[in-house]
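# Need a 3D model of the sequence below.
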Amino acid sequence: MTLKEALEEALDYETRIADLYRVAAADSTAPEAKAFFDFLAADEGRHVAFIEAAIADAGKGLRPDASLVKNSLPSDIPASVAKAKAAFRSSPDGGQLAALENALRAEVETSAFYRRLVASLPESETAAFRKLQEIEDGHTAIVKAELDSVSGSGFWFDIRVFDMED
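Numbers count the residues shown, from 1 in each chain. All right, here's what the predicted structure looks like:
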């Protein structure tokens with residue numbers, strides 16, 4: 001796969017996931033849930049803009065500049081997730097559960113795509129993709145924590161919080 005092909009495929013992934021979050025935000029009835037999805041849509045939108053610029057630069061023989069990939073995830077992810085937790089739990093029927101399940105599948109798929117690129121492209125072309133993978137892994141963690149909260153699985157960030165036998 002060439003760098004340009006990798007960027008075009010990355011653009012497809014990022015556009016689809018940004019659209020998924022925009023729809024989830026529009027469908028959200030709880031303000032906190034809407035804010036959660038809006039935040040992720042905006043972050044994915046920044047990825048789209050970065051990749052579009054990288055495609056234009058690739059046409060000039062330039063590689064993507066990883067320093068231009070900004071991570072807007074909060075440094076304290078658990079605290080940020082806790083803010084939205086009550087809103088999701090109070091209205092899981094409004095499509096929130098399905099939206100989170102769709103988001104988790106999309107984030108896992110996107111992270112896997114970036115892992116494949118990092119493993120298959122020449123090292124000189126992977127820095128931006130590696131950074132995008134790290135961000136998508138962070139998105140996956142946030143979405144999984146929300147899904148665990150809404151579904152009442154007893155887990156939060158893959159840590160058992162309660163057991164039905166407690």
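# what comes up buried for the top helix by length along the chain?
The single longest helix within the chain, with elements called by DSSP state H, is helix 31-58. Under the neighbour-count criterion of 16 or more other CB atoms under 10 Å, helix 31-58 has 32-34, 36-41, 43-48, 50-51, 54-55, 58 buried. For every residue, glycine as well, the C-beta is placed using N, CA and C.
# repeat for stretch 7-22
7, 10-11, 13-15, 17-18, 20-22.
# Can you tell me the closest non-neighbouring residue to residue 115?
Distances taken as CB to CB, 6 or more residues apart in numbering place residue 133 nearest to residue 115, at 5.9 Å, with adjacent residues excluded.
# burial of that neighbour, as a residue count?
Using other CB atoms under 10 Å, residue 133 has 20 neighbouring residues.
# Distance check, it against residue 31.
Using CB to CB, to the nearest Å, residue 133 is found at 31 Å from residue 31.
# Just the helices from this structure, written as ranges.
Counting by DSSP H, the helices of the chain are 3-27, 31-58, 77-90, 96-120, 127-151.
# lowest-confidence stretch among those helices?
Lowest mean pLDDT of the helices of the chain: helix 77-90, a mean of 55.
# Contacts for stretch 1-17, please.
By CB atoms under 8 Å, 6 or more residues apart in numbering, the surrounding residues in contact with stretch 1-17 are 44, 47-48, 51-52, 54-55, 58-59, 63-64, 103, 106-107, 109-110, 113-114, 117, 120-121, 125, 129, 132.
# if we go to 6 Å?
With contact meaning CB atoms under 6 Å, 6 or more residues apart in numbering, stretch 1-17 is reached by 44, 47-48, 51, 54-55, 58, 106, 110, 113, 117, 125.
# now swap in stretch 100-107 and tell me
Contacts of stretch 100-107 (CB under 6 Å, 6+ apart): 17, 20, 136, 139-140, 143-144, 146-147.
# Any chance of those in a markdown table with distance to residue 68 as columns?
A markdown table is the format used below for those (distance: CB to CB, whole Å):
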| residue | distance to residue 68 |
| --- | --- |
| 17 | 19 |
| 20 | 24 |
| 136 | 16 |
| 139 | 19 |
| 140 | 22 |
| 143 | 25 |
| 144 | 28 |
| 146 | 28 |
| 147 | 31 |
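# For the most centrally placed residue in the chain, which non-adjacent residue is closest in space?
Centroid-nearest residue in the chain, with CA atoms, centre = their mean: residue 139, separated by 3.7 Å. Of all residues not flanking residue 139 in the chain, residue 107 sits nearest, at 4.8 Å (CB to CB, 6+ apart).
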